[in-house]
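**Q** Sequence first, then the predicted structure:
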Amino acid sequence: MTATQTKTQEPISNLEYDFITVLHNKAAAVQAYERYIQDAQEANSQPCVELFQKLRQTEIDEAHEIREHLQQVMAKGKM
């Protein structure tokens, strides 16, 4: 079997896998920040709440961008 034949049998490309993995990690980070926000609220630390909210929003924004790239890679095989 040639390298080309082997490559076509992969269920997803390496690039798709990479984006899926990064997206999964971003989703896990968003969930973690939700816990951190609750902890900061329980500690009555508004500055910490605000920082965690800001960091959470950054993760969400990045996840949206990664998702757009993933959709293009899945449709076209590349960017």
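**A** On my side now, so go ahead. Numbers count the residues shown, from 1 in each chain.
**Q** Find the residue at the geometric middle of this structure.
**A** Compute the mean C-alpha point of the chain, and by C-alpha atoms, centre = their mean the closest residue is L23, 2.2 Å away.
**Q** Which helix or strand contains that residue?
**A** helix 14-42 (DSSP states H and E).
**Q** That helix: what's the following helix or strand?
**A** helix 46-76.
**Q** follow-up on the earlier one: need the contact list for the closest residue to the residue nearest to the centre of the chain other than its chain neighbours.
**A** Nearest-residue entry for L23: I66, 5.0 Å, with adjacent residues in sequence omitted and distances by C-beta to C-beta, 6 or more residues apart in numbering. C-beta: built from backbone N, CA, C; applies to glycine. Shown in contact with I66 (C-beta atoms under 8 Å, 6 or more residues apart in numbering): F19, V22, L23, K26.
**Q** What score does I66 have for pLDDT?
**A** I66 is assigned 97 on the pLDDT scale.
**Q** M74 against E16, yeah?
**A** Yes: the criterion here is C-beta atoms under 8 Å, and M74 meets it with E16 at 6.0 Å.
**Q** circling back: off-centre distance for the helix holding L23?
**A** 7 Å (C-alpha atoms, centre = their mean, to the nearest Å).
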